[in-house]
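Undergrad: starting from these lines, generate the structure:
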Amino acid sequence: MRSLPIRLAGSPIESIAQARLHGRGVILGCSNFGCFYHALLASGGVFGDVLVVIGGPVPRGEQALRERIEAISGARIRLVRADRHSGITVARQLAAGGVVATMLDTYLPATDRLVAPFLGRPAASPAGIYRLASRYGATTIPVFCLRRRGFTEIELGPLIPGAGLEPAEIAAKVNLRVGEKILEEPGQWMMWHKLEERWAHGASTDSGTAARSVKCPGDIALGAA
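TA: Okay, the predicted model is just below:
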């Protein structure tokens, strides 16, 4: 397998390693731009033991793929399915200063939500992971795997420390960065078909959830000049 070039958005790999040295957990905020596993291949093993949260059953052939990636990258990959019990596993990983990888540009309707701006409208965002980021002071790192002619380009960052921030504030920062990348690379994002659903769930939020939501002055909207 060929080596993958990395372009870092102002967040050198040393800073990511430093975040772990301070005992803080790290959340790899994955997004539907290409294959997240490419980021592990390009990371030089800096992430170590990675807990990957998935939305459904383990896909066929996933075990063989993980074993190959582990052999190449030096990372240890464990999968946990997102359900009512997975929060305990994720919390333990972050409390121990470990790394959790999960998709942050989508939302599972059956799960708890908070609301933060996304592409110009209030949008449902996964509440659990952001609550844990705030509680344990974990650093969230948006991850983008971009398809280029003949190679894959990896972007990591910026680092979003969770210490001192409310969950909805972390969500707003992540949504802003993901929204910027979507408008930069609209043909590469694979979740356009779910956007209206996220907006709809955001608009139908109950008052209790709304109280935990935020407005982000830097938010960007589709079609904005």
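Undergrad: list the buried residues of the longest strand anywhere in the chain.
TA: For the chain, the strand with the greatest residue count under DSSP state E is strand 139-148. Using 16 or more other CB atoms under 10 Å as the test for burial, strand 139-148 gives 139-146. For every residue, glycine as well, the C-beta is placed using N, CA and C.
Undergrad: for stretch 69-83, same thing?
TA: Within stretch 69-83, judged by 16+ other CB under 10 Å, the buried ones are 69, 73, 75, 77, 80, 82.
Undergrad: hang on, isn't the first one packed against Leu40?
TA: This means Ile69. Yes - under the criterion of CB atoms under 8 Å, Ile69 makes contact with Leu40 at 5.8 Å.
Undergrad: for these two, list the residues in contact with both.
TA: Here Ile69 and Leu40 have 75, 77 as joint contacts, going by CB atoms under 8 Å, 6 or more residues apart in numbering.
Undergrad: which ones are touching Ala91?
TA: Taking CB under 8 Å, 6+ apart as the test, what Ala91 contacts is 132, 135-136.
Undergrad: just put these in JSON lines and tack on pLDDT and distance to Arg60.
TA: Shown next, in JSON lines, are those (pLDDT from 0 to 100; distance: CB to CB, whole Å):
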{"residue": "Leu132", "pLDDT": "95", "distance to Arg60": "30"}
{"residue": "Arg135", "pLDDT": "95", "distance to Arg60": "35"}
{"residue": "Tyr136", "pLDDT": "95", "distance to Arg60": "34"}
